[in-house]
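Trainee: return a 3D structure for these sequence lines:
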Amino acid sequence: MEEIINVFPKPLQHLCKKSFQKEIEPEEIRLRIGQPVMIIGKAQEYFWNVEMNVLETREKEAYRWKEEDMRETLSHMSQYSMYALEEEIRRGFFTMEGGHRVGIVGKTVCEQGKITAMRNISGLNIRVAREKPGCAKKILSYMRKGEEIHNTLILSPPGIGKTTMLRDCIRTLSNGDEKIAGKKVGVVDERSEIAASFQGIPQNDLGIRTDVLDCCPKAEGMRLLLRSMSPQIIAVDELGGQEDYQAVEEVLHCGCRILGTMHVGSIDELKEKVYLSEWLKRGVFERFVFLKRTLEGEREFEVYDEALRQLC
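Mentor: Purely as a prediction, here's the structure:
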């Protein structure tokens with residue numbers, strides 16, 4: 001994780017390096033001016049103790065992030081050109097080298113009710129990009145439908161691993177395996193989380209037959225891919241708005257398969273989502289994969305069919 005370590009001020013890089021110990025497996029690094037640096041692990045929070053040069057689970061002696069730390073780190077992240085990141089910062093995040101996504105908070109500048117810029121950045125959340133090849137292998141056995149796949153939604157509360165699972169599904173379906181030939185996959189990566197593109201180039205392995213639209217609104221991107229790239233599967237992250245649902249209908253009418261994700265707290269919440277409840281009646285999606293996390297921080301999954309009958 002040298003890309004992350006190197007953006008920190010030099011006196012703090014040794015502690016950042018310690019954050020990537022195998023037993024910790026950091027998922028997020030949270031930096032808030034005036035507050036302790038927090039490392040979010042699989043099932044535990046950690047804090048930097050500069051005096052002792054160790055990571056601790058208590059915050060009493062924790063290092064507190066300073067304004068000068070923020071300025072130097074942002075300079076490194078932007079390669080000394082914050083102006084070049086202005087458009088991404090306006091949306092509240094950007095992707096740094098290595099595919100790591102950086103969320104941003106601070107003072108927003110608004111015009112006519114829309115955010116036009118962000119100033120006085122006070123907090124960063126570095127979401128560590130970590131591919132897990134093979135993590136979707138068991139799920140894919142339920143998704144396959146002969147030489148095609150079922151229209152599938154991967155579901156979970158935030159932070160459980162939907163995007164990681166989606167990414168591995170895309171890679172496997174694009175490359176093909178012993179059970180199914182490789183497919184042309186179009187990815188609409190609105191938040192740069194799936195491919196984690198840096199300067200337009202995907203940092204994550206999405207397979208040899210995958211085309212990526214980076215930072216593109218989902219609905220518009222799905223239509224564009226249909227017109228230009230003749231995909232067999234379209235993959236999108238975090239379906240939600242009315243426009244997304246309308247675009248999905250167009251994709252399905254064109255004979256293309258859909259692979260997507262959605263935030264839900266439980267499988268029962270599906271029936272409460274207005275647009276999805278209509279799809280449930282029509283059996284539009286044939287597989288629902290619900291991810292959850294155990295108390296030990298491990299991830300488990302359940303698979304349901306179009307009638308929400310549990311398959312595993």
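
Trainee: ranges for the helices of the stretch 201-312 of the chain?
Mentor: 218-228, 242-253, 274-282 (DSSP state H, counting those that start in this stretch).

Trainee: now, of those helices, which is deepest in the fold?
Mentor: helix 218-228 (a mean of 19; mean count of other C-beta atoms under 10 Å). For glycine as for every other residue, the C-beta is placed from the backbone atoms N, C-alpha and C.

Trainee: tell me the angle that one makes with helix 242-253.
Mentor: 30 degrees (axes from the mean of the first three to the mean of the last three C-alpha atoms, to 10 degrees).

Trainee: pull the CA coordinates from helix 218-228 and hand them back as PDB.
Mentor: C-alpha atoms of helix 218-228 as PDB (Å, rounded to 0.1, in the frame of the first residue of the first chain):
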ATOM      1  CA  LYS A 218     -25.700   5.400 -14.000                       C
ATOM      2  CA  ALA A 219     -28.800   6.000 -16.100                       C
ATOM      3  CA  GLU A 220     -27.100   7.900 -18.800                       C
ATOM      4  CA  GLY A 221     -24.100   5.500 -18.800                       C
ATOM      5  CA  MET A 222     -26.300   2.400 -19.200                       C
ATOM      6  CA  ARG A 223     -28.000   4.000 -22.300                       C
ATOM      7  CA  LEU A 224     -24.600   5.000 -23.700                       C
ATOM      8  CA  LEU A 225     -23.100   1.500 -23.300                       C
ATOM      9  CA  LEU A 226     -26.200   0.000 -25.100                       C
ATOM     10  CA  ARG A 227     -25.700   2.300 -28.000                       C
ATOM     11  CA  SER A 228     -22.000   2.100 -28.400                       C
END
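
Trainee: what's in contact with it?
Mentor: Applying C-beta atoms under 8 Å, 6 or more residues apart in numbering, the contact partners of helix 218-228 are 186, 188, 190, 211, 213, 216, 231, 234, 236, 238-239, 241, 243-244, 246-248, 250-251, 254, 256.

Trainee: again, only this time at 10 Å
Mentor: Residues outside helix 218-228 that contact it (C-beta atoms under 10 Å, 6 or more residues apart in numbering): 184-191, 211-217, 231, 234-248, 250-251, 253-256, 258, 260.

Trainee: show me what the longest helix seen in the chain is packed against.
Mentor: Criterion DSSP state H: the longest helix present in the chain is helix 162-175. Other elements packing on helix 162-175 under the criterion 3 or more C-beta pairs under 10 Å, 6 or more residues apart in numbering; DSSP states H and E are helix 137-143, strand 152-156, strand 185-189, strand 210-214, strand 233-236, strand 257-263, strand 287-293, strand 299-305.

Trainee: mind doing that once more with 8 Å?
Mentor: Other elements packing on helix 162-175 under the criterion 3 or more C-beta pairs under 8 Å, 6 or more residues apart in numbering; DSSP states H and E are helix 137-143, strand 152-156, strand 185-189, strand 210-214, strand 233-236, strand 257-263, strand 287-293.

Trainee: out of those, which is closest to Lys271?
Mentor: strand 287-293 (11.5 Å; C-beta to C-beta).

Trainee: show me what that closest one is packed up against.
Mentor: Checked by 3+ C-beta pairs under 8 Å, 6+ apart, strand 287-293 has helix 137-143, strand 152-156, helix 162-175, strand 299-305 packed alongside it.

Trainee: before we move on, what SS does Ile4 have?
Mentor: helix (DSSP: H, G, I helix; E, B strand; the rest coil).

Trainee: check contacts around it.
Mentor: Ile4 neighbours (C-beta under 8 Å, 6+ apart): Cys16, Ile29, Met96, Gly98, His100, Ile126, Val128.

Trainee: put together TSV for these, with secondary structure, distance to Gly159 and pLDDT on each row.
Mentor: TSV is the format used below for these (DSSP: H, G, I helix; E, B strand; the rest coil; distance: C-beta to C-beta, whole Å; pLDDT from 0 to 100):
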residue	secondary structure	distance to Gly159	pLDDT
Cys16	helix	21	92
Ile29	strand	14	96
Met96	coil	20	84
Gly98	coil	20	78
His100	coil	16	87
Ile126	strand	14	94
Val128	coil	12	88
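
Trainee: from Arg293, how far out is the residue most central in space within the chain?
Mentor: Closest residue to the average C-alpha location of the chain: Glu193 at 3.9 Å, with C-alpha atoms, centre = their mean. Separation of Glu193 from Arg293 (C-beta to C-beta, to the nearest Å): 18 Å.
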